[in-house]
Structures are given as C-alpha cells and as structure tokens.
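> The following comprises the amino acid sequence and a computationally predicted model.
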Amino acid sequence: AQTVTQSQPEMSVQEAETVTLSCTYDTSESDYYLFWYKQPPSRQMILVIRQEAYKQQNATENRFSVNFQKAAKSFSLKISDSQLGDAAMYFCAQGGTSYGKLTFGQGTILTVHP
Amino acid sequence: EAGVVQSPRYKIIEKKQPVAFWCNPISGHNTLYWYLQNLGQGPELLIRYENEEAVDDSQLPKDRFSAERLKGVDSTLKIQPAELGDSAVYLCASSLGLHPNEQFFGPGTRLTVL
C-alpha cells in the first residue's frame, strides 16, 4: 500500500520570501514517481514539479525545487521568491510505474502575504 | 491543445436523485481516471480506464456508482441514488498511458446533495 503524508495543514509566507512544504511517503514499489500539484480555488489541479525516484538529482522548475531524500522517504517542495499567485492548496502525490493511480497527501494550504 | 473538459462544473440535487458527470479527455489519451475529492482532502481514485476497459474499479461503490467509457474516449460517471455523503468534487484526469508522470486533470464537478 502507498501512503503520502503532509504534516503541515497550513503555511504562510511573505511575498518574495522562500517557503518549504513537507511531504513523506511510503511505498513498496522500487520504481516510482513523486509529484507536487497546485490546486487554486478554481479547482484545476496543476502539475508543479515531478521527480523520478531513480534520479538522484533534485528536480527544479524555475522558482520551484524539491529536496528528495529517498532513504528517508521525504520529498519537500521549496518555493523561492514567492508570488501572490502561488497561493493555493498544494498536494504531494506518489505514483508507481506498475499501476496508474496517484496517491495524494492531505494537502497544505499556502497563503502568500503582500 | 485543449485540456480535460468536464461538465457540469456545479450540480445541486436532492438526495435519492440520480446525477451524471461527463468527461472529455485530452485527444489521444487512452487512460482516463475518475477521482473523488472531499473538502480539504486529496483526491482518491474511483476508477481507471485503459481505452474502454475499466482496469481498476476497486474503490468504486458499485451499489450506487457506475461509469462507462464507450468507444474509449468520453466517459460518464453516474450516481443513483445520490446520498448526502456524496457531496464532493469529482475530478477527471487523463494520460497517454499507464505511466504516472503524465496525468492531466480537468476542473472537476462540485456536487452538492441536499
């Protein structure tokens, strides 16, 4: 069974500052992927960043980067130079290569203060 | 390229009434997913289709929920009869294949059962 845990129900950050969202997971798969999705009030789930578990290098996408610690099963998201448009619910998710579904965490609400 | 289309965006019904949700995946995507998202939680998979075949429906409450994907393109999710606890957002996603790093989500349908 796969589980994903986000221990921070809410986080806040000042505009232009940096914030880190935490995620831990558990899986029996040896080959899997990890994702961070953003869900604004419009409900559209938007893929922010993904990490292949077999890659040691942490993924980066512009202002978004991850800290992937495979042994610790930890997958945190760092948002640099936070913008008002970053405010949303963020979900961590895990998917194995032997099945199609994604297992999501409970989400973290990010508030960005001007 | 058009994204995943869902309709309606909102639906309000009385309990015990039937309701149906429609999803049009991204053109060429053979895998289609229906997720249930309760308020303040992450999505949970209800059913996954590979073309027109339901390959994972273990989480679908089959006594009242049904789904179909005729011709392997559009899909319909039905609830009959609806219960108060069915109030949630129903998300549709699609991908090119089983690979979990390519799921694209629609905007969802928010169902309210009174």
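Yep, that arrived.
> Could you use CA atoms for every contact and neighbour count after this?
Fine.
> What about the residue of chain B found nearest chain A, how many residues nearby?
Nearest to chain A, among the residues of chain B, is B:P107, at 4.4 Å (Cα to the nearest Cα). Neighbour count for B:P107, taken as other Cα atoms under 10 Å in any protein chain shown: 23.
> List the contacts of the residue nearest the centre of chain B.
Closest residue to the average C-alpha location of chain B: B:W34 at 3.1 Å, with Cα atoms, centre = their mean. Each residue near B:W34 by Cα atoms under 8 Å, 6 or more residues apart in numbering or on different chains is listed here: B:45-48, B:77, B:90-93.
> measure B:L36 to A:E29 for me?
Applying Cα to Cα, to the nearest Å, the value for B:L36 to A:E29 is 24 Å.
> Compare the two and say which is more crowded by neighbours.
B:L36 (23 against 14).
> returning to that earlier point: which of the contacts of B:W34 tops the neighbour count?
For the contacts of B:W34, neighbours tallied by other Cα under 10 Å; top is B:C92, 32 neighbours.
> right, and that one touches B:L32 too?
Yes - with contact defined as Cα atoms under 8 Å, B:C92 and B:L32 form a contacting pair (7.2 Å).
> Touching both of these two, which residues are there?
Joint contacts of B:C92 and B:L32 (Cα under 8 Å, 6+ apart) are B:P25.
> got a list of what the residue nearest the centre of chain A touches?
By Cα atoms, centre = their mean, chain A has its centre lying nearest to A:W36, at 3.1 Å. Applying Cα under 8 Å, 6+ apart, we find A:W36 in contact with A:47-50, A:77, A:90-93.
> now for the strand or helix carrying B:I47, which elements pack on it?
B:I47 is part of strand B:44-50, with elements assigned from DSSP states H and E. Packing partners of strand B:44-50 (3 or more Cα pairs under 8 Å, 6 or more residues apart in numbering or on different chains; DSSP states H and E): strand A:102-104, strand B:31-37, strand B:53-56.
> Tell me the strands beside that strand, with direction?
strand B:31-37 (antiparallel), strand B:53-56 (antiparallel) (DSSP bridges).
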